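Colleague: quick one, what's the 3D model for this:
(one chain, ligands or ions: 1)
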Amino acid sequence: MNSPIIIALDFPEASHAIRFADTLDPALCRLKVGKELFTQAGPSLVETLMKKGFDIFLDLKFHDIPNTVAAACKAAAGLGVWMVNVHALGGSRMMKAARLALADAPCKLIAVTLLTSMGREDIEEIGLQGEPIDIVGRLAALARSCNLDGVVCSAIEAAMLRKKFGADFCLVTPGIRPSGASSDDQKRIMSPIEAIESGSDYLVIGRPVREAPDPLRALESILEEIKWKN
Ligand code: C5P
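Modeller: Take a look at the predicted model:
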């Protein structure tokens, strides 16, 4: 199983998430469990989804003192999830502690650089200097220097990061819209094939599959678009 598609399970409760996951095929996608669903449904949901054969990206974006983040990452890896993430803004001591905590775990560890919801004004307000793309580049470099496996970034930043860091740095990109799909509240979107061609390793996709009349068919057509074969 090496699908580059991660489907965002943005549901308020376990029963909806499980019903939806049952319409998909673990050979064709992985699943992302975020803060809302995990807070509601917890580790037992993650376990249920893994028993169904899905790889889980636990998207809890840990950001705390190094000791706490290291322990949280260890607890996440203990659930057997495939990928977990932290905030690069927590700094290098925090990321190194997380890396050390997962030294023997197969779980991938990636960092969120700058939230894509943050505009220029939000960035200035918290005292960060420079253009968003430069801040993303700096934080990604920091994550790499701490031996993290990669970062979450917009597909628009992926080309720059791929060029800067080479092939073995994992780029996970949300904000993907197949041609013809609604952009919803995402502003800077790319199609699946454009994102792959820009250097993304994994595409996080939510509504275009979740809200499709036939989610499995929607997923298959994305895989056809990027010419992925199982
Ligand atoms: O429905 P949609 O495809 O827009 O969902 C994208 C998913 O990726 C959501 O779970 C959203 O929270 C997440 N995400 C994002 N932008 C980021 C990081 C995560 O849209 N920068």
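Colleague: neighbours around the nearest residue to residue 191 once chain neighbours are set aside, how many?
Modeller: Spatial nearest neighbour of residue 191, excluding adjacent residues (C-beta to C-beta, 6 or more residues apart in numbering): residue 179 at 5.4 Å. In short, each C-beta sits where N, CA and C put it, glycine included. Neighbour count of residue 179, defined by other C-beta atoms under 10 Å: 9.
Colleague: doesn't residue 194 make contact with residue 179?
Modeller: No - counting by C-beta atoms under 8 Å, residue 179 does not reach residue 194; the two are 9.6 Å apart.
Colleague: can you name the residues that contact whichever residue of the chain sits closest to the ligand?
Modeller: Residue nearest to the ligand within the chain (C-beta to the nearest ligand atom): residue 206, separated by 2.5 Å. Taking C-beta atoms under 8 Å, 6 or more residues apart in numbering, we find residue 206 in contact with 7-8, 10, 174.
Colleague: need the three-state assignment for the residue nearest to residue 191.
Modeller: coil (DSSP: H, G, I helix; E, B strand; the rest coil).
Colleague: what values do phi and psi take at it?
Modeller: Phi and psi for residue 179, reported as degrees, to the nearest 10, are phi -60, psi 140.
Colleague: below-threshold pLDDT in this protein: ranges please.
Modeller: 1 (pLDDT under 70).
Colleague: what does the longest strand seen in it contact?
Modeller: If you go by DSSP state E, the chain has its longest strand at strand 56-62. With contacts defined as C-beta under 8 Å, 6+ apart, strand 56-62 is touched by 6, 8, 30-35, 38, 46, 49-50, 68-69, 72-73, 76, 79, 81-87, 90, 98, 112, 172, 204.
Colleague: you'd agree residue 172 is in a strand?
Modeller: Yes - according to three-state DSSP, residue 172 belongs to a strand.
Colleague: next one: it from residue 196, what distance?
Modeller: Distance, residue 172 to residue 196, by C-beta to C-beta, to the nearest Å: 12 Å.
Colleague: more neighbours: those two, which one.
Modeller: Between residue 172 and residue 196, residue 172 has the larger neighbour count (other C-beta under 10 Å), namely 25 against 22.
Colleague: assess the claim that the more buried one and residue 152 are in contact.
Modeller: Yes - using C-beta under 8 Å, residue 172 makes contact with residue 152 at a distance of 4.8 Å.
Colleague: mutual contacts of the two, please.
Modeller: 110, 204.
Colleague: returning to that earlier point: inside helices: which ones of the contacts of strand 56-62?
Modeller: Of those, the ones assigned to helices by DSSP state H are 35, 38, 46, 49-50, 68-69, 72-73, 76, 98.
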